[in-house]
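*Asks:* coordinates only, sequence not included:
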Ligand SMILES: Cc1cc2nc3c(=O)[nH]c(=O)nc-3n(C[C@H](O)[C@H](O)[C@H](O)COP(=O)(O)OP(=O)(O)OC[C@H]3O[C@@H](n4cnc5c(N)ncnc54)[C@H](O)[C@@H]3O)c2cc1C
């Protein structure tokens, strides 16, 4: 539940459950998304999620997995342990930013 | 006072811009009010789209290269040399030779290149024996020789990570490999697997749905969400970061891409992969108002493709003029891209999309007639081959491709709308507004 009382599934979401409006995000929403995705959030997870979100909000682009590995303070190998399958995608989803689109 | 316009890179985007600027400012350049300088390293201009066909023996290397200078306008000064760094605060470019060039406006068009060294083991044992790239002339040529004598086995095509140039080229490679081995009569002995970090074969969801049949038809196996972490060339194994593995007898890799190294040495100009931090609509660099970036060199979320460089150029020439005039920029670039997708057996399809719109079915208005979008046809294949001629004769000289507007037009609303007509043939006054104060 957020301060305004809305829960994750009541927000504007895309077909895959990514928030359409990053401003609607709160840490509680992030916890809900993580729980739904089966990710138990630790401090290491938060470090990545927050880096991802801050970077998106300041530059308009979500960082690639490689820049996450270079700059978030968590190496790529560990990123895949924290977020099996898709660290960049999952961290974006939990952080309430749009799905990073690989460009065609 | 002469105003200095400097273009870094004489590849697709740099050559287009040089020719456009020389045409737009011919009188100013000849009167000494503006000077145009283009900087590039030695070596020929490579027609990169041809690298897709070279490994299958459809082009020879010498058919894909031309000397750079004759492709540039006579009114431009061409400086041959490696770029060492840009100093955005001093508005200077430093060359490896020690020369310094000052600029009033800088256009960065130094493209992107593959960085196989970014992946552990990729350039180790087996490199260019069992492990090949086709994004360089040397790689594509070595791969051609390997494919010609491949006895059969597991062929794996792997995209290491996005972004890459021409994102559909790897999948086209898989389709052409199916065609190639069918013609060689050994298709039943070759297993083709396409391994991608994305969640579908195409980056756009509509394509993945509309074109899924192609993979099945050509018996290309698909492995998605595979983030390649290291390669054991000698042992023939490709490993993901989570240690899942894909075995191969021949690996065709599309390594990670980076922008030019000097961007990393130019304070604040680029991101960690050396792509210039760029406004996606005005193409102005975030670092300084008098720097613009175009083509593969930018970090904008558009495809890294020659067609994009062409569409960007149409918008950038306008913003360059506005900048020189001291007028506000127009945030007009919409991410427009289109590309032919070669599907093998002399057929291809065409897709057209931008930042917002997904590729759609319909027909695309080219001057030589509407070609089907998102559907295979022989006409599209011919279009793809014809692109080489267009590239040298229409694209690089910076001319509008007849009937193809810079901004994406909703499909079905065909060609000759007024604003597109005026785009193809801008009235002379459009070019004549000379920058104030020059
Ligand atoms: C296999 C393949 C298939 C493709 N197929 C298509 C297709 O079908 N359709 C399509 O539209 N696009 C296609 N592309 C993409 C297209 O070729 C590129 O997007 C396009 O060439 C980019 O243009 P650019 O000017 O940004 O970079 P480039 O054309 O690569 O030019 C960059 C220039 O900068 C110079 N440079 C770089 N660093 C320095 C330095 N430090 N000092 C001096 N000079 C430097 C280089 O020498 C080069 O001349 C394909 C690419 C590949 C690899």
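*Replies:* Received it, and whenever you're ready, just let me know what you need. Predicted model only: the values in this text are computed from it and were never measured. Numbers count the residues shown, from 1 in each chain, chains lettered A, B, ... in the order given.

*Asks:* which elements pack onto the helix or strand bottoming out on mean pLDDT in chain A?
*Replies:* Lowest mean confidence among the helices and strands of chain A (mean pLDDT, DSSP states H and E): helix A:65-71, at a mean of 83. Helix A:65-71 sits against helix A:43-59, helix A:76-82, helix A:87-94, with contacts defined as 3 or more CB pairs under 8 Å, 6 or more residues apart in numbering or on different chains; DSSP states H and E. (Glycine included, C-beta is placed from N, CA and C.)

*Asks:* and those helices: which comes nearest residue B:406?
*Replies:* Closest to residue B:406 of the helices and strands packed on helix A:65-71 is helix A:43-59 (CB to CB; 25.4 Å).

*Asks:* residues of the stretch 151-300 of chain B that sit close to chain A?
*Replies:* Counting by CB under 8 Å from any CB of the partner chain, the stretch 151-300 of chain B comes close to chain A at B:161-163, B:167-168, B:197-199, B:202-204, B:207, B:225, B:227, B:229, B:240-242, B:256, B:271-273, B:277, B:280, B:299.

*Asks:* buried ones among these?
*Replies:* B:161-163, B:167-168, B:197-199, B:202-204, B:207, B:225, B:227, B:229, B:240-241, B:256, B:271, B:273, B:277, B:280, B:299 (16 or more other CB atoms under 10 Å in any protein chain shown).

*Asks:* next up, the contacts around residue B:177.
*Replies:* Residue B:177 makes contacts with B:56, B:147, B:155, B:157, B:190, B:192, as judged by CB atoms under 8 Å, 6 or more residues apart in numbering or on different chains.

*Asks:* among the buried ones among the residues of the stretch 151-300 of chain B next to chain A, which are located in strands?
*Replies:* Among those, the members falling in strands are B:229, B:240 (criterion: DSSP state E).

*Asks:* returning to what we had before: mean neighbour count and mean pLDDT added to the helices and strands packed on helix A:65-71, as CSV?
*Replies:* Formatted as CSV, these follow (neighbours: other CB atoms under 10 Å in any protein chain shown; pLDDT from 0 to 100):
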stretch, mean neighbour count, mean pLDDT
helix A:43-59, 17, 94
helix A:76-82, 17, 92
helix A:87-94, 26, 92
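
*Asks:* got the ones you listed as TSV, with distance to chain B columns?
*Replies:* Formatted as TSV, the helices and strands packed on helix A:65-71 follow (distance: least, CB to the nearest CB, whole Å):
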stretch	distance to chain B
helix A:43-59	7
helix A:76-82	4
helix A:87-94	8
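
*Asks:* for the ligand, find the nearest of the ones you listed.
*Replies:* With CB to the nearest ligand atom as the measure, helix A:43-59 is the member of the helices and strands packed on helix A:65-71 nearest the ligand (20.8 Å).

*Asks:* helices or strands next to the helix or strand hosting residue B:318 in the packing?
*Replies:* Following DSSP states H and E, one finds residue B:318 within helix B:306-325. Identification of packing neighbours for helix B:306-325 by 3+ CB pairs under 8 Å, 6+ apart yields helix B:12-24, strand B:105-108, strand B:291-293, strand B:337-344.

*Asks:* so what strands line up beside the last one?
*Replies:* For strand B:337-344, the paired strands and their directions (DSSP bridges) read strand B:347-353 (antiparallel).

*Asks:* average pLDDT for the partner strand?
*Replies:* In this model, strand B:347-353 has a mean pLDDT of 80.

*Asks:* and it with helix B:306-325, angle?
*Replies:* For strand B:347-353 against helix B:306-325, the angle by axes from the mean of the first three to the mean of the last three CA atoms, to 10 degrees is 30 degrees.

*Asks:* select only the buried ones of the contacts of residue B:177 in ChimeraX?
*Replies:* In ChimeraX, this line selects whichever of those come out buried by 16+ other CB under 10 Å:
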select /B:56,147,155,157,190,192
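
*Asks:* just the ones in helices from the contacts of residue B:177, please.
*Replies:* Among the contacts of residue B:177, the members found in helices (DSSP state H) are residue B:147.

*Asks:* which one of the contacts of residue B:177 sits closest to residue A:75?
*Replies:* residue B:157 (27.3 Å).

*Asks:* beta partners of the closest one?
*Replies:* Per DSSP bridges, the residues bridged to residue B:157 are residue B:194, residue B:252.

*Asks:* give the contact list for it.
*Replies:* The contact partners of residue B:157, taken as CB under 8 Å, 6+ apart, are B:170, B:171, B:173, B:174, B:177, B:192, B:193, B:194, B:195, B:252, B:254.

*Asks:* now flag whichever of those is closest to residue B:86.
*Replies:* After measuring the contacts of residue B:157 against residue B:86 - CB to CB - the closest member comes out as residue B:254, at 28.4 Å.

*Asks:* where in the stretch 301-438 of chain B is pLDDT low?
*Replies:* Flagging of the stretch 301-438 of chain B using pLDDT under 70 yields the residue ranges B:358, B:360-374, B:402-403, B:409-438.

*Asks:* can you list the residues of it near chain A?
*Replies:* Counting by CB under 8 Å from any CB, the residues of the stretch 301-438 of chain B close to chain A are B:301, B:302, B:303, B:304, B:337, B:351, B:353, B:359.
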